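Enquirer: Attaching a predicted model along with its sequence, questions to come.
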Amino acid sequence: MTLDAAVLRFAGCVVLASAMLSIYVHPYWIGLTIFAGLNMLQASFTGFCPAAMIFKKLGVRPGNAFN
């Protein structure tokens, strides 16, 4: 798995989990979905992604998007 795939999978899991939490636990969990979306948007412009930095330190093989 490349770094790009790991980041996208992680972001997808965060969005799905927070959507489920907002439905079944409390509506304020939608804030995590908003945060994840904003983080993905800023990463597309700046290339800075905290999750990519963490996965890189864990030894995930580099991809093309996050250098």
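Expert: Cool, got the structure.

Enquirer: which SS state does the residue nearest to Tyr28 when sequence neighbours are not counted fall under?
Expert: In this structure, Tyr28 finds its nearest non-sequential neighbour in Ser22, 7.3 Å apart by C-beta to C-beta, 6 or more residues apart in numbering. C-beta: built from backbone N, CA, C; applies to glycine. Using DSSP: H, G, I helix; E, B strand; the rest coil, the structure places Ser22 in helix.

Enquirer: Quick check, Ser22 in contact with Ile34.
Expert: No - look at Ser22 against Ile34 with C-beta atoms under 8 Å: they stay out of range, at 10.2 Å.

Enquirer: who's more crowded, the two?
Expert: The neighbour count for Ser22 versus Ile34, taken as other C-beta atoms under 10 Å, is higher for Ser22 (16 against 11).

Enquirer: Tell me how far Cys49 lies from Arg61.
Expert: 16 Å (C-beta to C-beta, to the nearest Å).

Enquirer: higher neighbour count, those two?
Expert: More crowded of Cys49 and Arg61, by other C-beta under 10 Å: Cys49, with 21 against 12.

Enquirer: Backbone dihedrals for the more buried one, please?
Expert: Main-chain torsions, Cys49, degrees, to the nearest 10: phi -140, psi 110.

Enquirer: now Arg61
Expert: The phi/psi pair for Arg61 (degrees, to the nearest 10) reads phi -60, psi 140.

Enquirer: how about it, what does it touch?
Expert: If a contact means C-beta atoms under 8 Å, 6 or more residues apart in numbering, then Arg61 has 1-3 as its contacts.
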